[in-house]
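Engineer: just coords:
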């Protein structure tokens, strides 16, 4: 999420690796193409709304969310953006039109409260998989 509260398509929390700038993702007015090749120079970090507008009827979406305390309101805004393109109907969700994943349990629970039909995947580090108890797996299965 940027300073002006737009959701963008960027995996990293910092822009250093994929743009001509340094710092947090919140500044979207950066060149996100030059790192790849000069032919992509001047490409901006795409906003989720732009991606959905262009591809909502052409592809499925596998989206990863970040921690809500870092980006307050992100989960609600994500669900609203997906609703605008009518991507959250039960029939579309059953066909895998949208899947959301996150390392953040809080984010997944927020999304589940907003729409319990969105398929959610809880990401877990390799080191933590073996440490999961049956109780923890039971709790995860209530929303993911």
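Structural biologist: Received it, and whenever you're ready, just let me know what you need. Just so it is clear, the structure is predicted and the values come from calculations on it, not from any experiment.

Engineer: can you give me phi and psi for residue 8?
Structural biologist: Main-chain torsions, residue 8, degrees, to the nearest 10: phi -130, psi 160.

Engineer: In stretch 86-97, which residues are buried?
Structural biologist: 87, 88, 92, 93, 97 (16 or more other CB atoms under 10 Å). All C-beta atoms are positioned from the backbone trio N, CA, C, and that covers glycine.

Engineer: Looking at those residues, which one is closest to residue 56?
Structural biologist: residue 87 (6.3 Å; CB to CB).

Engineer: got the contact list for stretch 53-66?
Structural biologist: Residues from elsewhere that reach stretch 53-66, judged by CB atoms under 8 Å, 6 or more residues apart in numbering: 11, 13, 48, 52, 74-75, 78, 82, 85, 87, 96-102, 104, 107-108, 111, 123.

Engineer: Apply the buried test to those and list what passes.
Structural biologist: Here, 16+ other CB under 10 Å leaves 48, 52, 74-75, 78, 82, 85, 87, 97-98, 100-102, 104, 107-108, 111 buried among those.

Engineer: quick one: residue 83 is in a helix?
Structural biologist: Yes. Under DSSP: H, G, I helix; E, B strand; the rest coil, residue 83 falls within a helix.

Engineer: Would you mind giving the domain segments of this structure?
Structural biologist: 1-46, 48-140 (automatic domain parsing).
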